[in-house]
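Engineer: No letters, just coordinates:
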């Protein structure tokens, strides 16, 4: 059998995928091997696969490769950046909050959404104001993840006002909000001076 480093560069999908699994399980050198293969990957499919596998390892080489992946642009870069965000969340959690916050301001809506998902899962509160702005502008696809992040990171100790009262939201958001609040364990929500979402409280008409 060929060395693992060579199999990580294989054009055969079955060989490549088996090599990814093996590298992810090798605590001693798997991270370095994956990071090394990342630069020589022959396709975006391989780069995304390697980024995902780096979410299962630990070490400075893989961390650097994932952060470099977040700067990728061009064809296939969106899938790569989204995979890198999830991998960072898995391997370092809150320590990647700066990466999540930066990507939450990305021009691409998918990258923004994945960044907010990671913030909701494990990020700190540095992007709270930005996410609130996006929710008010309806600039995110995943409303529930954004509300989860805002609820989890909103406290009076930080001098922040209550986020919203459900009746202040458009009717088609209210069921989502109620479910999210239940999941967050929120109980008391006061009416804010300014609604979470500005504009009409009626349902949008298509």
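Structural biologist: Cool, the structure landed. Note that the structure is a prediction, hence the values are computed from the model and not measured.

Engineer: roughly how far apart are residue 44 and residue 16?
Structural biologist: Separation of residue 44 from residue 16 (CB to CB, to the nearest Å): 13 Å. Quick note: C-beta positions are derived from backbone N, CA and C, even for glycine.

Engineer: Among these two, which residue is more densely surrounded?
Structural biologist: residue 16 (21 against 16; other CB atoms under 10 Å).

Engineer: ok, now which ones touch the more buried one?
Structural biologist: For residue 16, the contact set (CB atoms under 8 Å, 6 or more residues apart in numbering) comprises 7, 8, 9, 10, 46, 49.

Engineer: go again using 6 Å as the cut-off
Structural biologist: Remark: with contacts taken as CB atoms under 6 Å, 6 or more residues apart in numbering, residue 16 is in contact with residue 10.

Engineer: Next one, pLDDT for it please.
Structural biologist: With respect to pLDDT, residue 16 scores 94.

Engineer: helices and strands around the longest helix anywhere in the chain, which ones?
Structural biologist: Looking only at the chain and at elements set by DSSP state H, the helix with the highest residue count is helix 77-92. Counting contacts by 3 or more CB pairs under 6 Å, 6 or more residues apart in numbering; DSSP states H and E, helix 77-92 packs against helix 44-53, helix 60-69, helix 109-122.

Engineer: Between those, which one is closest to residue 99.
Structural biologist: Residue 99 lies closest, by CB to CB, to one member of the helices and strands packed on helix 77-92: helix 60-69, at 6.5 Å.

Engineer: where exactly do the helices run in this protein?
Structural biologist: Using DSSP H, the helices found in the chain span residues 4-7, 13-25, 30-40, 44-53, 60-69, 77-92, 97-104, 109-122, 128-136, 143-152, 171-184.

Engineer: can you list the residues that contact the shortest one?
Structural biologist: Contacting residues not belonging to helix 4-7 are listed as 15, 19, 33 [CB under 6 Å, 6+ apart].

Engineer: what's the neighbour count on the last one?
Structural biologist: It refers to residue 33. Neighbouring residues of residue 33 were enumerated by other CB under 10 Å; the total is 25.

Engineer: Let me see the confidence value for the closest residue to it other than its chain neighbours.
Structural biologist: The spatial neighbour of residue 33 that comes closest, neighbours along the chain excluded (CB to CB, 6 or more residues apart in numbering), is residue 23 at 5.2 Å. With respect to pLDDT, residue 23 has a value of 95.

Engineer: next one: residue 168
Structural biologist: pLDDT, residue 168: 44.

Engineer: Use 17 as the first number from now on
Structural biologist: All right, first residue 17 from here; so that's residue 184.

Engineer: who are the neighbours in contact with residue 44?
Structural biologist: Applying CB under 6 Å, 6+ apart, we find residue 44 in contact with no residue.
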